[in-house]
Each structure stands twice: as structure tokens, then as C-alpha cells.
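**Student:** with the input below, show me the fold.
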Amino acid sequence: MLHGSLAAKLASITQALSNAERGNIAANKKNSELSQTLLALAEETRPQSMEDIDNPKLRDQVEVVEREVKDLRRKTKILKGLVSGTIVGSGIDWAADDALCELVMDDEDG
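**Tutor:** Numbers count the residues shown, from 1 in each chain. Reported below is the predicted structural model:
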């Protein structure tokens with residue numbers, strides 16, 4: 001009976017973990033979509049070239065922000081790789097779950 005009880009608790013905890021991972025994946029996907037929207041909006045409002053910005057102080061700020069965006073894109077790519085590796089290495093049947101499969105197979109279009 002003890003083994004059955006422990007097995008049931010393990011199954012329950014495994015299911016809760018799987019549900020939490022799905023929630024985290026959904027939140028990450030939504031965050032990614034919102035980030036892409038934000039980047040698209042920022043790109044629309046961006047001047048055609050740095051020469052279009054007359055104020056040198058503003059030009060310097062734009063350059064700093066562009067460097068930060070570049071760094072954040074690099075970090076995002078690294079994190080996507082870590083998430084994919086964690087999912088694959090976890091032993092979860094990610095191929096059977098559309099959300100997990102999409103994360104693992106993400107071709108990083110953005």
C-alpha cells in the first residue's frame with residue numbers, strides 16, 4: 001500500500017510539474033510575442049539613419065539602446081537554447097505536446 005501511495009503522489013507531482021512547465025512555456029511564448037511586437041513598433045518609429053537625429057545627446061542614447069537590444073537578442077537566443085535543451089533532457093515526451101514541440105523545434109526566425 002505504501003508503494004501505491006508513493007506512486008500516486010509521484011504521478012500527481014509529475015503532473016503538477018508538467019502543468020507548471022506548460023504554464024511557464026505559455027508565458028514565455030506570450031512574452032516573446034509581446035517582445036516581437038515591441039521591437040516591430042520600435043523599428044517603425046526608428047529614424048532611417050543615425051544622421052537623421054540632429055541632437056548628439058539623443059543620438060548617443062539611441063546607440064546605447066541599440067547595443068542593449070543587440071545584447072538582449074543574444075541572451076534570448078542563449079535562453080531559447082537552454083530551454084530547448086532542458087525540455088529534451090527532462091525525459092518529458094515533448095514530441096507529443098504541441099507547445100513543447102514548438103519550443104524545442106523553434107527555428108529562431110525573430
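**Student:** what's the single longest helix in the protein?
**Tutor:** Ranked by residue count and defined by DSSP state H, the top helix of the chain is helix 2-45.
**Student:** and the angle from the following helix or strand past it to helix 2-45?
**Tutor:** Next helix or strand after helix 2-45 toward the C-terminus (DSSP states H and E): helix 56-90. Counting by axes from the mean of the first three to the mean of the last three C-alpha atoms, to 10 degrees, helix 56-90 points 150 degrees away from the direction of helix 2-45.
**Student:** so how far is helix 56-90 off the chain centroid?
**Tutor:** When distances are taken as C-alpha atoms, centre = their mean, to the nearest Å, helix 56-90 is centred 10 Å away from the chain's centroid.
**Student:** alpha carbons of the helix or strand that it is followed by, as CSV, please.
**Tutor:** Next helix or strand after helix 56-90 toward the C-terminus (DSSP H and E): helix 98-104. Extracted C-alpha coordinates of helix 98-104, given in CSV (Å, rounded to 0.1, in the frame of the first residue of the first chain):
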residue,chain,number,x,y,z
ASP,A,98,2.4,20.8,-29.4
ALA,A,99,3.6,23.7,-27.2
LEU,A,100,6.8,21.8,-26.1
CYS,A,101,7.4,20.6,-29.6
GLU,A,102,7.2,24.2,-30.8
LEU,A,103,9.7,25.3,-28.2
VAL,A,104,12.2,22.6,-29.0
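**Student:** and Lys57, how far from Val64?
**Tutor:** Computed as C-beta to C-beta, to the nearest Å, the Lys57 to Val64 distance reads 11 Å. Heads up, the C-betas are built off the backbone N, CA and C, glycines and all.
**Student:** pLDDT value on the nearest residue to Ser84 once chain neighbours are set aside, please?
**Tutor:** Counting by C-beta to C-beta, 6 or more residues apart in numbering, Ser84 lies nearest to Val104, which is 4.9 Å off, once chain neighbours are set aside. For Val104, the pLDDT comes out at 84.
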